[in-house]
Each structure stands twice: as C-alpha cells, then as structure tokens.
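S.K.: only the shape, not the letters, is given here:
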C-alpha cells in the first residue's frame with residue numbers, strides 16, 4: 001500500500017514499499033499537467049541522470065494519473081520530515097548547507113527550475129548518515145493562479161512571485177528563491193497565519209506571504225543581534241526579493257552565511273565582546289570538533305576568565321593544549337589560570353596537583369624566556385612554601401631580591417626561609433642588607449618615613465625574641 005507523503009508544486013509524493021529493497025519514491029502528477037512537453041522533458045531526465053538525483057525507473061499512466069517512480073539507494077524520508085525530526089535550528093542548518101552545496105550540481109541537469117522544496121528533495125540513509133537527493137521532475141506549467149489553488153500554503157510560499165503571476169521565470173533565480181524559503185521555514189519562520197490557499201496565492205503573487213524576520217524565528221533572542229545571524233537574514237531577504245531583477249541568482253552567499261550562523265564557535269566569537277555569559281552558553285551547544293579543539297578551548301578560556309571562573313578557564317585550556325601542546329601562549333595562560341585556582345584552595349589533593357602543574361609549567365616557560373622571571377620566581381616560591389620546601393623557596397626569592405633592589409617582600413620571605421632552615425647568620429646578614437636598602441630608599445624619597453618604619457619592624461620581628 002502506497003503512503004502519501006504530501007503535495008509539491010509538481011504533484012504529490014508517495015512512498016511505495018518494495019520487498020527486499022528500499023521503498024520506492026513515487027510522484028503522482030495530475031493529467032492536465034502531463035502534456036507532450038512534460039513527458040519529453042521527463043524522458044530527457046531519465047536518459048541523462050544528474051549526480052545525487054534519484055534515477056527514474058518508470059514514468060507513465062496508471063489509473064488515470066501519471067506516475068513517476070524513482071529508485072532510492074537506501075532508506076529515505078522527505079527532507080521536510082527529516083528537518084522536523086532534528087532537535088534545533090543549528091542541526092537543520094547543517095543539512096541545508098549540503099542542499100546549498102548540491103544546488104549547482106543539480107542545475108547542470110536538463111530541467112529548470114528544479115523546484116527545491118521539503119518534498120522535492122529527500123534524504124537517503126547512507127554510509128555518512130542522511131544525505132540529500134533531488135527527486136527530479138519537469139516543472140508543471142501554471143497557466144492561471146487557479147492552477148495553484150490545490151497546493152498547500154507552504155508549497156505556494158516556495159514559488160517565486162513571478163511564477164505565480166504567470167510571467168517568464170529565470171530558473172536559477174527561482175531556485176535561489178525556493179532555497180531561501182526552505183531555509184526560512186527551517187529557522188522557524190512561518191507564513192501568514194490563517195491564510196486560505198486562495199489568499200496565499202494572492203499574497204505570494206505580491207511576495208507578501210512569508211516575510212523572513214529573525215524576531216519570528218526559533219533562534220534564541222540573545223542571538224538576534226549577533227553579526228552572523230544578521231548577515232544570514234539579510235542574504236535570505238535578498239534571495240526572496242519579490243522582483244527577480246533585484247534577487248540573488250545563486251546560493252553561495254547563503255551557504256557562507258548559513259555556515260557561520262550555525263557554527264557555535266563563530267557565534268560565540270560574535271557574542272564575546274558584549275555578552276560573554278551567552279557566548280559560553282553557545283559554546284556548550286555542540287560537541288567539540290576534534291579539528292577545532294584548540295580554537296574552542298582558547299575562546300572558552302578567555303570567556304571564563306572574563307567571567308572570573310578560573311577553574312573553568314583552566315579546564316578549557318587543558319582541552320586546547322591537549323590538541324596543540326606546542327602553543328606556548330596557551331601554556332602561559334594555563335599557568336595563570338592554575339595560579340588563580342591554586343591561591344583560592346586550601347591544602348589538599350587539588351592544591352598538590354596544581355602545585356605540580358605550576359612548578360613544571362612555570363619552570364619551563366621561564367627557562368625559554370616566555371614569561372617574566374620575577375613573577376615566576378614569586379609564584380614558584382609560594383608553591384614551595386606551601387609545600388614546606390624552604391630551600392627551594394629560598395632559591396626563588398633570592399633570585400628576585402637580587403634582580404629587584406626594592407622588592408622588600410621577596411627579601412623578607414627569603415630571610416624567613418633562612419630562619420626556617422636554621423641559617424641564622426645568613427638570615428641576619430639578609431636583615432642587615434634589608435635595613436640598608438630601606439634607609440637608602442627613605443633618603444631618596446622612594447618610600448615614606450611611615451613605610452620605612454613599618455618595613456624595619458617586619459624585618460626585625462623575623463627573629464623570635
């Protein structure tokens with residue numbers, strides 16, 4: 001028993017089961033449209049198959065209707081059914097990108113326009129998933145708008161306004177119009193509600209049946225102003241321009257803008273400057289492409305850092321560095337993120353793990369001159385002090401005190417390390433040097449008298465009374 005899929009501008013589409021093989025695709029066309037020209041075009045299609053178009057098995061009269069039967073290379077469903085099964089507009093956009101890629105291929109065939117629509121294209125299950133295939137058929141000749149009254153409103157919306165008015169049609173621009181309409185519907189934009197078919201035909205003749213607007217789409221409101229989304233809707237409007245003279249004649253710009261608008265990484269970049277929270281949300285929408293782990297991890301880390309979530313930034317940088325271990329800039333940023341998390345946690349397994357990461361990364365980055373030595377010495381000293389390794393900490397602090405004459409913090413911590421190591425004489429020499437430096441700084445007005453007194457007290461208090 002054949003199953004009706006739905007109507008198109010070229011008859012109705014049916015599913016016809018076949019034992020032991022994939023169901024056939026069948027198109028039933030009303031006899032009034034099947035004149036000699038139509039049948040001649042159909043013969044040309046049968047003799048000259050087009051890449052990724054279903055081959056025609058038979059075409060002829062049956063029970064008063066004209067039936068065109070197609071062979072499918074695998075299980076299939078109408079493109080419209082497939083789009084409805086997909087979870088969101090991002091997934092639908094990826095499928096439509098493939099339709100845009102195939103349009104110039106299909107246009108090498110002998111028919112024009114192609115009549116691209118949710119039922120004139122099917123998706124076939126093959127090795128690489130569901131792949132679009134054209135269901136080729138010559139266009140039916142519309143003599144008056146009344147010939148369209150039997151169509152569904154959604155099908156009427158696919159037809160270029162000049163075709164509805166019975167004017168000559170540029171096949172490529174008509175195809176571009178149809179693809180623009182297909183994308184518009186896939187993004188959640190519906191036609192004028194409550195329209196009868198007669199009203200829809202009249203409105204479509206004026207190009208007023210479906211007006212693409214991002215505000216009427218299923219795209220989240222926070223993305224409505226994102227540059228890729230704005231660009232996409234501008235291209236859709238140009239593809240669906242009522243006057244063919246001002247309409248785009250190909251879908252290359254649609255394919256480019258569609259790819260950008262459904263790419264979470266591109267969307268997140270466009271949001272990063274003014275809405276980092278939403279940019280992070282967008283990045284979470286899709287599984288990370290293995291070939292783009294560096295890019296996505298890099299951007300996610302920047303966003304999380306902006307939001308003050310250093311732990312999430314650290315995780316994102318781990319992901320990026322796993323894909324690109326040679327990127328020293330990422331490793332330096334990971335060290336910064338690890339440091340921010342390290343100073344926020346108490347002693348324990350996490351602190352120990354982060355301390356190990358910091359010692360390894362900071363030592364390597366310092367040795368090759370990628371990071372500032374002074375900051376690195378301070379951070380390494382802090383790690384060693386928290387671990388109770390006063391000898392290692394003293395080495396780092398001494399390097400800072402030698403390089404920066406006025407770094408009293410490093411000098412004070414160095415003296416305390418020496419005391420902890422029971423190097424009392426060396427500690428006393430350090431305090432003596434510190435007092436000398438404090439006096440010189442005070443004399444040169446480098447620090448105030450109050451500051452000098454405070455620092456003297458700290459150094460003298462190093463030694464227990």
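M.R.: That came through fine. A quick note: this is a predicted structure, and the numbers were derived from the prediction, not measured.

S.K.: break the protein into its domains for me.
M.R.: 1-83+119-141, 84-118+143-264, 286-371, 374-465 (automatic domain parsing).

S.K.: the strands in the stretch 1-150 of the chain, which residues?
M.R.: Along the stretch 1-150 of the chain, counting by DSSP state E, counting those that start in this stretch, strands occupy 3-8, 11-18, 21-29, 56-62, 65-70, 76-78, 121-126, 129-134.

S.K.: distance to residue 425 for those strands - can I get that in a markdown table?
M.R.: All C-beta spots, glycine's among them, are computed from the backbone N, C-alpha and C. Below are these laid out as a markdown table (distance: least, Cβ to Cβ, whole Å):
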| stretch | distance to residue 425 |
| --- | --- |
| strand 3-8 | 94 |
| strand 11-18 | 95 |
| strand 21-29 | 91 |
| strand 56-62 | 100 |
| strand 65-70 | 96 |
| strand 76-78 | 87 |
| strand 121-126 | 82 |
| strand 129-134 | 76 |
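
S.K.: out of those, the one nearest residue 434 is which?
M.R.: Checking the strands of the stretch 1-150 of the chain against residue 434 by Cβ to Cβ gives strand 129-134 as the closest, at 70.5 Å.

S.K.: next secondary structure after the closest one?
M.R.: Toward the C-terminus, strand 129-134 is succeeded by helix 153-158 as the next helix or strand (DSSP states H and E).

S.K.: show me what secondary structure element comes after that next one.
M.R.: helix 161-164.

S.K.: what's the next helix-or-strand element following that following helix packed up against?
M.R.: Note on helix 161-164: by DSSP H and E, the next helix or strand toward the C-terminus is helix 171-186. Contacts defined by 3 or more Cβ pairs under 8 Å, 6 or more residues apart in numbering; DSSP states H and E place helix 171-186 against helix 89-106, helix 153-158, helix 227-239, helix 252-261.

S.K.: at 10 Å what do you get?
M.R.: Here helix 171-186 touches helix 79-85, helix 89-106, helix 153-158, helix 161-164, helix 227-239, helix 252-261, going by 3 or more Cβ pairs under 10 Å, 6 or more residues apart in numbering; DSSP states H and E.

S.K.: now residue 300: how far from residue 330?
M.R.: For residue 300, the distance to residue 330 equals 12 Å [Cβ to Cβ, to the nearest Å].

S.K.: repeat that for residue 41.
M.R.: In terms of Cβ to Cβ, residue 41 sits 59 Å off from residue 330.

S.K.: what do you get for residue 34?
M.R.: 65 Å.

S.K.: and if you look at residue 196?
M.R.: When distance is defined by Cβ to Cβ, residue 196 is 60 Å away from residue 330.

S.K.: neighbour count winner among these two?
M.R.: Higher neighbour count among residue 196 and residue 330: residue 330, with 21 against 10, using other Cβ atoms under 10 Å.

S.K.: who touches that one in this structure?
M.R.: 294, 297, 298, 301, 316, 317, 318, 320, 321, 323, 324 (Cβ atoms under 10 Å, 6 or more residues apart in numbering).

S.K.: before we move on, what about residue 236?
M.R.: 179-181, 183-184, 187, 189, 212-214, 248, 254, 257-258.

S.K.: one more time with 6 Å
M.R.: By Cβ atoms under 6 Å, 6 or more residues apart in numbering, the contact set of residue 236 is 180, 184, 212.

S.K.: excluding chain neighbours, give the residue nearest to residue 178 in space.
M.R.: Excluding the flanking residues, the one nearest residue 178 by Cβ to Cβ, 6 or more residues apart in numbering is residue 116, at 4.2 Å.

S.K.: show me what contacts residue 320?
M.R.: Contacts of residue 320 by Cβ under 6 Å, 6+ apart are 294, 297, 298, 330.

S.K.: show only the entries of the residues you listed found in helices.
M.R.: Within the contacts of residue 320, residues falling in helices by DSSP state H are 294, 297, 298, 330.

S.K.: reformat those residues as JSON lines; add distance to residue 225 and pLDDT.
M.R.: Formatted as JSON lines, the ones in helices among the contacts of residue 320 follow (distance: Cβ to Cβ, whole Å; pLDDT from 0 to 100):
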{"residue": "294", "distance to residue 225": "28", "pLDDT": "93"}
{"residue": "297", "distance to residue 225": "26", "pLDDT": "93"}
{"residue": "298", "distance to residue 225": "24", "pLDDT": "94"}
{"residue": "330", "distance to residue 225": "30", "pLDDT": "95"}
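
S.K.: same list (those residues) but as a markdown table, adding distance to residue 148.
M.R.: Listed next are these as a markdown table, based on distance: Cβ to Cβ, whole Å:
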| residue | distance to residue 148 |
| --- | --- |
| 294 | 52 |
| 297 | 53 |
| 298 | 53 |
| 330 | 59 |
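
S.K.: kindly give a single PyMOL line that selects the buried subset of those.
M.R.: Buried residues among those (16 or more other Cβ atoms under 10 Å), as a PyMOL selection:
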select buried, resi 294+297+298+330
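
S.K.: and residue 318, how far from residue 351?
M.R.: Residue 318 is 17 Å from residue 351, by Cβ to Cβ.

S.K.: residue 109: neighbouring residues, count only.
M.R.: Around residue 109 there are 17 residues (other Cβ under 10 Å).

S.K.: isn't it up against residue 50?
M.R.: Yes - counting by Cβ atoms under 6 Å, residue 109 does reach residue 50; the two are 3.8 Å apart.

S.K.: since that was my last question, I'll sign off now.
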